[in-house]
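Colleague: Generate a structure from the sequence data that follows.
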Amino acid sequence: MLMAWGPFRFTIPTYSVEEIRRSLQPRTSPVPVIGRAPPIHKLGPGNEQITLSSTFHPHHLNGRGLAQLASIRQAINAQATYPLVHVNGRAMNIFGSWTGVQIDDSHSLLDVMLTPGTVTVSMSLMREDSSPARAIAIAAAADFSLGLGVNASFSIRLGF
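Modeller: Predicted structure coming up:
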């Protein structure tokens, strides 16, 4: 499987992605109400996250996988945003722009020079969605909230 996150290529000569996990959680909040279960207040779309997992063996790759891993760590630490692309031979899927938010790696089977025999990596990216639809939804939510704050008036009548 060939994937790319900006300048980083995930393919067999360096290291390939073995597992892709995607998660999406829309923004919701329960609204406290006396005497009944709280209804869910729908706040709009949430951030989508994708996690790419891989295992590679640096001895078989002349250390190239370790060099790319070091560069990816620097990009994630710099909070870089790059396009995420997947090519499967028949088509190209462009996932949009993604920012690196976390990377975990584990090195095992170390030799006498402390070069790992196996490296396992898990990298999490969060979607940077700057589409017009998202901007309209956010603006509409802000206008709605502002309207509630300015125009809302309440009256209480007690029937005794």
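Colleague: same question for stretch 25-38, mean pLDDT?
Modeller: Mean per-residue pLDDT for stretch 25-38: 90.
Colleague: and what of stretch 43-62?
Modeller: 82.
Colleague: swap in stretch 8-19?
Modeller: Mean pLDDT, computed over stretch 8-19, is 74.
Colleague: Tell me where this protein has helices.
Modeller: 64-77, 132-151 (DSSP state H).
Colleague: I'd like to know which of those has the weakest mean confidence.
Modeller: helix 132-151 (a mean of 46).
Colleague: Now residue 18. Nearest residue, chain neighbours left out?
Modeller: residue 54 (5.2 Å; Cβ to Cβ, 6 or more residues apart in numbering). The way it works is simple: take the backbone N, C-alpha and C, and place the C-beta from them, glycine included.
Colleague: and that neighbour, what is it in contact with?
Modeller: 10, 15, 16, 17, 18, 19, 120, 121 (Cβ atoms under 8 Å, 6 or more residues apart in numbering).
Colleague: go again using 10 Å as the cut-off
Modeller: 1, 3, 10, 14-19, 65, 69, 105, 119-123 (Cβ atoms under 10 Å, 6 or more residues apart in numbering).
Colleague: In PyMOL, how would I select the buried members of those residues?
Modeller: Per 16 or more other Cβ atoms under 10 Å, the buried members of the contacts of residue 54 correspond to this PyMOL selection:
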select buried, resi 3+10+14+15+16+17+65+69+119+121+123
